[in-house]
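K.L.:
pasting a predicted model and its sequence here:
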Amino acid sequence: MTNEPILSSDFMSLAKEIVVGKGYILLPDLLTQTESQTARNRVLELAEQEKKAGKVIIQGVKERLYGLIYQGEIFEKMVQHPTVLSIVETLLGQDLILGGFSAHILHSGAKRMGVHVDYPYWAMSSPFPKFPILEIQVIWMIEDFTEDNGAPLFAPYSQKLAIKPDLEEFEKTAIKITGTAGTAIISHGLCWHDTSVNNTQKLRVSILGNYTPQFIHPLENNLFNYRQEIIERATTKLKHLLRHDLQSHQQQIFAMNFKMN
């Protein structure tokens with residue numbers, strides 16, 4: 001895993017691009033080719049296993065696979081990648097939590113998902129609050145994203161509108177985001193986006209991370225496929241992302257860390 005140092009001033013610049021710039025950034029080479037292939041192979045292996053157990057959500061020629069963190073060390077590393085978290089924490093604060101971490105498989109012929117903003121915004125009425133930021137998404141390219149295999153479409157600057165997507169405007173302005181395996185796209189939850197059509201004869205795999213402030217209810221159940229041994233070896237950061245260190249059998253409510261000025 002590539003951990004090239006980035007100056008704090010660079011984190012601020014990248015965060016600014018997400019908020020007041022295009023609404024997304026690309027960070028290439030965060031994973032090595034070997035790590036990307038390891039993640040992809042593990043996703044496909046798990047998909048075959050969990051389909052038999054009825055744990056995969058299948059929508060036509062699209063599949064969603066959950067509970068990844070407990071299914072491979074590579075996923076534990078990805079979800080807390082220091083470069084990614086430094087940028088996300090710049091935007092959401094250090095008390096952020098993990099809203100979800102899942103794999104998305106597009107088989108040959110998979111159509112567009114539909115233009116949307118991310119959770120929790122799509123669960124709210126438009127117009128949306130611009131501040132505080134309620135979600136940052138990370139799309140991991142664990143294989144090359146090309147013009148033809150279902151690469152995501154983003155409408156630059158649309159996060160500044162803070163409204164539900166205008167479909168006609170999206171079709172005029174959307175850009176297809178391609179890149180090489182190991183790249184991460186970090187985007188504002190308000191930035192309009194969609195998947196494109198997979199016109200190849202091969203399936204395309206990505207991993208989606210969803211990060212939110214601590215006061216947002218997670219989109220996914222982070223206890224799905226829970227394994228105690230993963231928590232026992234987990235870093236403090238991973239435990240916090242999973243809210244493991246914020247949950248108690250003795251306390252009546254979730255613990256939260258608010259800075260009251």
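P.N.:
On my side now, so go ahead. Numbering: from 1, shown residues only.

K.L.:
adjacent strands (with direction) for the lowest-mean-pLDDT helix or strand in the chain?
P.N.:
Sorting the helices and strands of the chain by mean pLDDT, DSSP states H and E puts strand 57-59 at the bottom, at a mean of 78. Looking at strand 57-59 with DSSP bridges, its partner strands are strand 62-65 (antiparallel).

K.L.:
okay, and for the stretch 151-261 of the chain, where does confidence drop off?
P.N.:
Scanning the stretch 151-261 of the chain with the threshold set as pLDDT under 70 gives 244-261.

K.L.:
coming back round to it: residues making contact with the least confident helix or strand of the chain?
P.N.:
Lys51, Glu63, Arg64, Leu65, Tyr66 (Cβ atoms under 8 Å, 6 or more residues apart in numbering). Backbone N, C-alpha and C define where each C-beta goes, glycine included.

K.L.:
farthest pair in the residues you listed?
P.N.:
Greatest spacing in the contacts of strand 57-59, by Cβ to Cβ: Lys51 and Tyr66 (12.7 Å).

K.L.:
what's around the closest residue to Gly109 other than its chain neighbours, how many residues?
P.N.:
Among residues not flanking Gly109 along the chain, Val61 sits closest, at 5.5 Å (Cβ to Cβ, 6 or more residues apart in numbering). As a burial measure, Val61 scores 14 neighbours (other Cβ atoms under 10 Å).

K.L.:
how about Phe75, secondary structure?
P.N.:
Following DSSP: H, G, I helix; E, B strand; the rest coil, the label given to Phe75 is helix.

K.L.:
what do you get for Leu153?
P.N.:
strand.

K.L.:
host element of Ala15?
P.N.:
helix 8-20 (DSSP states H and E).

K.L.:
my bad, Asp194
P.N.:
strand 193-195.

K.L.:
what's downstream of that strand, the next helix or strand?
P.N.:
Downstream of strand 193-195 (by DSSP H and E), the next one is strand 204-212.

K.L.:
which parts of the helix or strand just after that following strand are buried?
P.N.:
Per DSSP H and E, the first helix or strand lying C-terminal to strand 204-212 is helix 228-233. Going by neighbour count (16 or more other Cβ atoms under 10 Å), the buried part of helix 228-233 is Ile230.

K.L.:
how far does helix 228-233 sit from its chain's centre?
P.N.:
Taking Cα atoms, centre = their mean, to the nearest Å, one finds helix 228-233 lying 23 Å from the centre of the chain it belongs to.

K.L.:
just the CA trace of that helix, in PDB.
P.N.:
Provided in PDB are the C-alpha atoms of helix 228-233 (Å, rounded to 0.1, in the frame of the first residue of the first chain):
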ATOM      1  CA  GLN A 228     -14.500 -10.900  17.000                       C
ATOM      2  CA  GLU A 229     -10.900 -11.700  16.000                       C
ATOM      3  CA  ILE A 230     -10.900  -8.800  13.500                       C
ATOM      4  CA  ILE A 231     -11.900  -6.400  16.300                       C
ATOM      5  CA  GLU A 232      -9.300  -7.800  18.600                       C
ATOM      6  CA  ARG A 233      -6.500  -7.000  16.100                       C
END
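
K.L.:
residues in contact with it: which ones?
P.N.:
Here helix 228-233 has contacts from Ile69, Tyr70, Glu76, Lys239, Leu242, His244, using Cβ under 8 Å, 6+ apart.

K.L.:
which of those residues fall in helices?
P.N.:
Glu76, Lys239 (DSSP state H).

K.L.:
just the buried residues of the contacts of helix 228-233.
P.N.:
Ile69, Tyr70, Glu76, Leu242, His244.
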